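Enquirer: how would this look folded up:
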Amino acid sequence: MTDTHDIALEGGGHEFRVRVYPAAEPSGALLVWLHGGAFMFGTLEMPEADQVGRRLTAHGISVVSVDYTLAPLDALEQLGPPDPDADVPSPEQLRAEIEAAGPRARFPVAGLQTVAAFDWAVANASAYGADPERVSLGGASAGANLSAGAAMRLRDRGTTMPKVLALVYPSLHDGILPPNAETTELLREVPAARLFTPESRAAINRNYLPDGHDPDGYAFPGGHDLAGLPEVLIVNAELDSLRPSGEAFAAELAAASVDVRVVRQHGAMHGYLNEIGHPAAERTLTLLRDAVAMR
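Expert: Got it, this is the predicted structure:
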């Protein structure tokens, strides 16, 4: 069992914390990781956060999991009822869960906290047997969005950059991108409650960034200048209405001369890292391990 400890930090005018998963036999690599949750919910205890930390430490990678400040709950009711066959809390359960999370705030707070967490990880990497030049950054879903936005900020700041940017089933554009014919057919078989719609995605995004003003791409990097970003790993869920965003972002990165690897997890729906033992989760953990451990 990995021994963890929490560190209190400040970013964006709010206090937040990170949970450190130190590798018992460090390989020199470290990953700063962010869970998802439509910017509004999610905890350090959810598998999407905790499983990543515990599994990667077994391979010598220390993990810093970020408990960023969540956005307000204004869009929660617009997301619709959850799939009864999925292990997803009801809106009432979610509200109760995160009302204990303390103050909430909209963009840019969580993104600034992501930068602060990355800076802390670089400054303290050696204490965990890691090389400050081998600190990677990544996340799942909204956490992937926050990671990509933070990488844009770090690039523009002109200082230390992540070794690798790892994005799992990300949403990187402001809105749902239209699927191609193949994806449209695949999504017909997915329960409606497991899909984001243009309406639900718009509610989430306007809850996070009300006026949609994003000239630098710090809120939604897709469609902006991506030149100068580090190597990127994108892992998409095949049965996910957000997959077109991940695929389009991969093409944008390639056009900007950024090294990118994009992988599709066949048969997987959005959020599969929250399902312990899911085949796509196991494959993705291996992809994360190999990408972050790279020298």
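
Enquirer: In this structure residue 17 contacts residue 4, no?
Expert: No. Applying CB atoms under 8 Å, one finds residue 17 not in contact with residue 4, separated by 11.3 Å. Bear in mind the C-beta positions are built from the backbone N, C-alpha and C, glycine included.

Enquirer: Which residues are in contact with residue 190?
Expert: Contacts for residue 190 (CB atoms under 8 Å, 6 or more residues apart in numbering) come out as 239, 269.

Enquirer: go again using 10 Å as the cut-off
Expert: 83, 237-241, 269-270 (CB atoms under 10 Å, 6 or more residues apart in numbering).

Enquirer: Overlap in contacts, residue 17 and residue 4.
Expert: Each of 44, 65 lies in contact with both residue 17 and residue 4 under the rule CB under 10 Å, 6+ apart.

Enquirer: hmm, back to that, now the contacts of residue 190: which count as buried?
Expert: 237-241, 269-270 (16 or more other CB atoms under 10 Å).

Enquirer: okay if I get those as TSV plus pLDDT, secondary structure and distance to residue 169?
Expert: Below are the buried ones among the contacts of residue 190 laid out as TSV (pLDDT from 0 to 100; DSSP: H, G, I helix; E, B strand; the rest coil; distance: CB to CB, whole Å):
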residue	pLDDT	secondary structure	distance to residue 169
237	98	strand	5
238	98	strand	10
239	98	strand	10
240	98	coil	6
241	98	coil	10
269	98	strand	9
270	97	coil	5
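
Enquirer: End to end on stretch 205-224, go ahead and measure it.
Expert: In terms of CA to CA, to the nearest Å, the two terminal residues of stretch 205-224 are separated by 17 Å.

Enquirer: Please apply the same query to stretch 215-230.
Expert: Here the two ends of stretch 215-230 are set 21 Å apart, with distance taken as CA to CA.

Enquirer: Please compute how far it lies from its chain's middle.
Expert: Stretch 215-230 sits 15 Å away from the centroid of its parent chain (CA atoms, centre = their mean, to the nearest Å).

Enquirer: buried residues in that stretch?
Expert: Judged by neighbour count (16+ other CB under 10 Å), stretch 215-230 contains these buried residues: 217-222, 224, 226, 229-230.

Enquirer: Can you list the low-confidence ranges for this structure?
Expert: The model of the chain has pLDDT under 70 over residues 1, 77-101.

Enquirer: Surely residue 154 and residue 112 touch.
Expert: No. Taking contacts as CB atoms under 10 Å, residue 154 lies outside contact range of residue 112: 11.4 Å.

Enquirer: for the buried ones among the contacts of residue 190, which one is nearest residue 39?
Expert: Using CB to CB, residue 270 is the member of the buried ones among the contacts of residue 190 that sits closest to residue 39, with 14.7 Å.

Enquirer: list the contacts for the closest one?
Expert: When contacts are counted by CB under 10 Å, 6+ apart, residue 270 is found next to 36, 140-141, 168-169, 171, 190, 194-196, 236-237, 239-243.

Enquirer: at 8 Å what do you get?
Expert: Applying CB under 8 Å, 6+ apart to residue 270 gives the contacts 141, 169, 194-196, 237, 239-242.

Enquirer: Turn these into a markdown table, including distance to residue 102.
Expert: Compiled in a markdown table, the contacts of residue 270 are given as follows (distance: CB to CB, whole Å):
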| residue | distance to residue 102 |
| --- | --- |
| 141 | 21 |
| 169 | 27 |
| 194 | 29 |
| 195 | 31 |
| 196 | 27 |
| 237 | 30 |
| 239 | 34 |
| 240 | 30 |
| 241 | 31 |
| 242 | 28 |
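
Enquirer: which SS class is the spatially closest residue to residue 153 that is not a sequence neighbour?
Expert: Spatially, and ignoring its direct neighbours in sequence, residue 153 is nearest to residue 115 (5.4 Å; CB to CB, 6 or more residues apart in numbering). Taken by DSSP: H, G, I helix; E, B strand; the rest coil, the conformation at residue 115 corresponds to helix.

Enquirer: What's the local residue count around residue 115?
Expert: As a burial measure, the neighbour count of residue 115 was computed by other CB atoms under 10 Å and equals 23.

Enquirer: so what's it up against?
Expert: Going by CB under 8 Å, 6+ apart, residue 115 touches 11, 150, 153-154.

Enquirer: filter those residues to the buried ones?
Expert: Burial of those was assessed by neighbour count (16+ other CB under 10 Å); the buried members are 11, 150, 153-154.
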